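Trainee: Output the structure for:
(2 chains, ligands or ions: 2)
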Amino acid sequence: MKLSRLVTREIFHRKMNFFLTLAGVSLAVTCVLATLAAMRSYDLNSDKIIAKMEADTQAQMKKLEDDIRKTMKGLGFNIYIFPKDQDMSEVYDQGYASKTMPEEYATTLANSKIVTVNHLLPSLTQKLEWPEKKRTVILIGVRGEVPLAHRDPKSPLIDPVKKGELVIGYELHRSLEIKAGDEVTFKGKKFKVGKTHPERGTKDDITIWMNLTECQELLGKIGRINAIQALECNCATLDRLGEIRAELMQILPDTQITETGSTALARAESRNKAKETAKKQIAAAKANRVQMSKEREKFAGILLPIVLLFAMVWIAMLALMNVRERVTEIGVLRAIGVSAGIILSAFLSRAVLAGLLGAIAGVVDFALIYPFVKERFFQGVAMSEVVSGSEWIVALLAAPILAAVSAWLPSLMAAQKDPADVLRHD
Amino acid sequence: MTDSTQIAVKAEGLHKRFVTSEGEVHAVNDVSFEVKAGDFVALHGPSGCGKSTLLLMTGALLSPDEGLLEIAGENPYALKAEGRAAFRGEHVGFVFQQFHLIPYLDVLDNVLIGELAGEKVSLEDRARELLDKFNIGHRLHHVPSKLSIGEQQRVALARALLREPELILADEPTGNLDPENSEIILQHLADFADDGGAVIMVTHDDRARAAAKTSMHLDGGRMQGGDQEKPGEQESA
Ligand SMILES: Nc1ncnc2c1ncn2[C@@H]1O[C@H](COP(=O)(O)OP(=O)(O)OP(=O)(O)O)[C@@H](O)[C@H]1O
Ligand SMILES: [Mg+2]
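Mentor: Ligands and ions are numbered 1, 2, ... in the order given. Sure thing, here's the model as predicted:
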């Protein structure tokens, strides 16, 4: 006769008590697992949503950047190089710089191995009166493109103005009835009209283009220019101005650079805005996730102790009932010499067994039910993600220990029953 | 078992008092006796006279307030609770009016339950032998509720005898039995005494008293008319 036999026989005899104990444990285990799973699945799900938001934003940004890069590559972009001491507000006001710089700057730039710039156009611009016609005009001295030393010659972007010729804007040639091929006098010098421009609706319409050298002579600014236009610049990064500035500053430290407005720029800006907004949304989602997670933890922090307490009280009550039912049995066992330790083990092992089987039942219950309620209560997260392997084991070990602790007092009462008290009525 | 001249139980000046809400009850008052190996003693007296209390004290289950008790020459009350339990398992067998079989164990296991108190030695052969002798060998795997009353008391007796005690203490063992079954139990108790065991049996039943070799009469917690008297004497019920 082994103690285990006594314990198992008794369990089969008082099935209901044992079953209720087991059911209590299994319910508690299922509850704990479900609470854990609910918390984890919410966290995992919001993590996933945030990760997707981030990925989406990133993809969108990348697409935007690619688009912009493509457009910018197609368009290229243009910059102006001015003398360093030029007041830019003056440039914006009158349309050109009053300060000048040496024309060699263009050559220096062309001879440097600058890769970001495709075309270099030095110019000298001044607003003045065409004394012979009593008109205010913008005179621009241009020369042909300065060939870039390290590049294959490209087809020039802008036709240079030949010496002895002028190119005249629309408003001027229309109102003064000048045609290509005519001869005109400008500041006492005779010029042939090489070309007349169609209407552009800008100040180009009151502009006269002249060969740079002749213009310099005419204005008494020999060898000077007041701007270099760099056209079709191409940069790898979107901060192209920064990149080109860094490059140019090394070659021409005595200059300053501005970019002329372009649609590409506007797009880059809107892209930055979009990125900013997306970042804010992600940050808000993250903050929300932290907040919700905290709240759920708080809830679980209240729920779990209650579940455990109920389970423990339940187990203790059933154990107490079992002890009460078995008072005579305990008395007889003690009378015939069975030790208090064996009585204690009999009751405790019963609780441990109920705890273990209850835990198994709880774990199996949870595992069986989970797939059916996963979508509804657990955000569709896979079971392996919400409960780890070691946690299954912890649940299986903790439940019997908990059951033993709960049944401890009733078991001790059983062990300490005085057999004389029980048997004296006989 | 011990030889027949040996003293199985010796009680000297036993007292037991209980304090209740109605005052103190002197349940056992200065009781002394000796029971030798081979004795079969009937303990009788009116209800509430202290028979059960005396029996529990004699069985090392209830410590006396005063006096000395020896079983097989040893004072069990000098031992601590667990030592005393082991001592009981070794020296004393109990039989109760209500049998107190364990309802979920079959006949064989009910008898073998005593193994839980002793060393890890299988007593199954001895159990089967006893049950055969008591004529219930064919019902080894039946639970008590399936047995007749008489059979149940025989199982209880087999349980008491499993570890070959020197002393059997029986509190009204025939109280629930019909004459026929009473006869059987009394005969087995007498056999145990004949084999050199000692029996103290609390009883109200004249026939049971007659079956015993000697009797002790208790009244108001005191032993009446000397230590031991001859059976057949009338008692006031
Ligand atoms: N634990 C106890 N606490 C208080 N009083 C007790 C206790 N045990 C016994 N008594 C009292 O001691 C007296 C003797 O009781 P005991 O059970 O020994 O009588 P008894 O002779 O066996 O009676 P019966 O023939 O009815 O079984 C009774 O008055 C009883 O009420
Ligand atoms: Mg009694």
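
Trainee: Output the lowest mean pLDDT helix or strand found in chain B.
Mentor: Ranking every helix and strand in chain B by mean pLDDT, DSSP states H and E puts strand B:222-229 at the bottom, with a mean of 67.

Trainee: can you give me the strands in chain B?
Mentor: Taking DSSP state E to define them, one finds strands in chain B at B:7-20, B:23-36, B:40-44, B:66-71, B:92-96, B:167-171, B:198-202, B:214-219, B:222-229.

Trainee: Tell me how many other residues surround residue B:104.
Mentor: 20 (other CB atoms under 10 Å in any protein chain shown). Just so you know, the C-beta spots here come from the backbone N, C-alpha and C atoms, and that holds for glycine as well.

Trainee: and what of residue A:322?
Mentor: Counted with other CB under 10 Å, the neighbours of residue A:322 add up to 22.

Trainee: separation between it and ligand 1?
Mentor: From residue A:322 over to ligand 1 the distance is 24 Å, taken as CB to the nearest ligand atom, to the nearest Å.

Trainee: If we ignore the residues flanking it in sequence, what's nearest that residue?
Mentor: The spatially closest residue to residue A:322, leaving aside those adjacent along the chain, is residue A:17, at 5.3 Å (CB to CB, 6 or more residues apart in numbering or on different chains).

Trainee: residues touching the one you found, list them.
Mentor: For residue A:17, the contact set (CB atoms under 8 Å, 6 or more residues apart in numbering or on different chains) comprises A:318, A:321-322, A:325.

Trainee: Of these - the most surrounded one?
Mentor: The residue in those with the most neighbours, by other CB under 10 Å, is residue A:318 (25 neighbours).

Trainee: Not counting sequence-adjacent ones, nearest residue to it?
Mentor: In space, residue A:318 is closest to residue A:21, 4.8 Å off (CB to CB, 6+ apart).

Trainee: got the contact list for that neighbour?
Mentor: Counting by CB under 8 Å, 6+ apart, residue A:21 makes contact with A:314-315, A:318-319, A:351, A:354, A:358, A:403.

Trainee: ok, of the residues you listed, which one's closest to ligand 1?
Mentor: Nearest to ligand 1 among the contacts of residue A:21, counting by CB to the nearest ligand atom, is residue A:319 at 25.9 Å.

Trainee: Pick out the residue of chain B closest to chain A.
Mentor: Of chain B, the residue with the smallest distance to chain A, taken as CB to the nearest CB, is residue B:89 at 2.1 Å.

Trainee: does that residue really touch residue B:119, like I thought?
Mentor: No: counting by CB atoms under 8 Å, residue B:89 does not reach residue B:119; the two are 10.0 Å apart.

Trainee: who does the residue nearest in space to the middle of chain B bridge with?
Mentor: By CA atoms, centre = their mean, chain B has its centre lying nearest to residue B:169, at 1.0 Å. Taking DSSP bridges, one finds residue B:94, residue B:200 as the beta-bridge partners of residue B:169.

Trainee: Roughly how far does it sit from residue A:6?
Mentor: Residue B:169 sits at a distance of 24 Å from residue A:6 (criterion: CB to CB, to the nearest Å).

Trainee: quick revisit: more neighbours, residue B:89 and residue B:119?
Mentor: Higher neighbour count among residue B:89 and residue B:119: residue B:89, with 23 against 7, using other CB under 10 Å.

Trainee: Now that one: closest residue in space, sequence neighbours ignored.
Mentor: Leaving aside its sequence neighbours, residue B:89 sits nearest to residue A:337 (CB to CB, 6+ apart; 2.1 Å).

Trainee: Ok, residue A:196 next?
Mentor: Closest residue to residue A:196 apart from its sequence neighbours, by CB to CB, 6+ apart: residue A:173 at 4.3 Å.

Trainee: Got the confidence number for that neighbour?
Mentor: In this prediction, residue A:173 carries a pLDDT score of 92.

Trainee: Can you report how many residues neighbour the residue nearest to residue A:343 when sequence neighbours are not counted?
Mentor: Nearest residue to residue A:343 in three dimensions, chain neighbours excluded: residue A:415, at 4.4 Å (CB to CB, 6+ apart). Per other CB under 10 Å, the neighbour tally for residue A:415 reads 20.

Trainee: before we move on, what about residue A:361?
Mentor: Per other CB under 10 Å, the neighbour tally for residue A:361 reads 18.

Trainee: In three-state terms, how would it be classified?
Mentor: helix (DSSP: H, G, I helix; E, B strand; the rest coil).

Trainee: Where does the stretch 301-426 of chain A get nearest to chain B, residue-wise?
Mentor: Relative to chain B, the nearest point of the stretch 301-426 of chain A is residue A:337 (2.1 Å; CB to the nearest CB).

Trainee: quick one: contacts for that residue?
Mentor: B:85-90, B:114, B:117-118.

Trainee: ok, which pair from these is furthest apart?
Mentor: Across those, no pair lies farther apart than B:87 and B:114, at 13.7 Å, counting by CB to CB.

Trainee: If you count surrounding residues, which of the two has more?
Mentor: For residue B:87 versus residue B:114, neighbours defined as other CB under 10 Å are more numerous around residue B:114 (25 against 20).
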